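Give me the fold of what follows.
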Amino acid sequence: MELNFTPEQQAQLAQMATKAGTVPEQLVTDVVARYLDEEARFLAAVEKGIAAAERGEFIEEEEMDARVEAMFKA
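Prediction:
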């Protein structure tokens, strides 16, 4: 696979790779691998949520509000 970056993007990748102690090609490979892993986890969570909703497993709005409020207090 071939990717084309603008000169500005290439310069930014080179700078970031230098700071990370690697080369731009490896930096891009690592970033894409992390993205793919995170995307797979996200899609699995969405599918899990859809399946739960289809089974009628919901929480009430008040309970969700309490959970969100607790998250922001932590």
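
report the longest helix in the protein, please.
Taking DSSP state H as the criterion, the chain has its longest helix at helix 24-54.

tell me what that helix is packed against?
If you count contacts as 3 or more C-beta pairs under 8 Å, 6 or more residues apart in numbering; DSSP states H and E, helix 24-54 packs onto helix 7-20. (C-beta placed from N, C-alpha, C; glycine too.)

Determine how far the helix it packs on lies from the middle of the whole chain.
Centre-to-centre, helix 7-20 and its host chain are 21 Å apart (C-alpha atoms, centre = their mean, to the nearest Å).

what angle separates that helix from helix 24-54?
90 degrees (axes from the mean of the first three to the mean of the last three C-alpha atoms, to 10 degrees).

what's the model's confidence in the longest helix of the chain, averaged?
Helix 24-54 shows a mean pLDDT of 96.

change the start of the numbering to 24 and stick with it
Okay, using 24 as the starting number, the last item reads as helix 47-77.

Go through that helix and flag the buried ones.
47, 50, 51 (16 or more other C-beta atoms under 10 Å).

So which residue of the protein lies furthest out from the middle?
residue 85 (28.3 Å; C-alpha atoms, centre = their mean).
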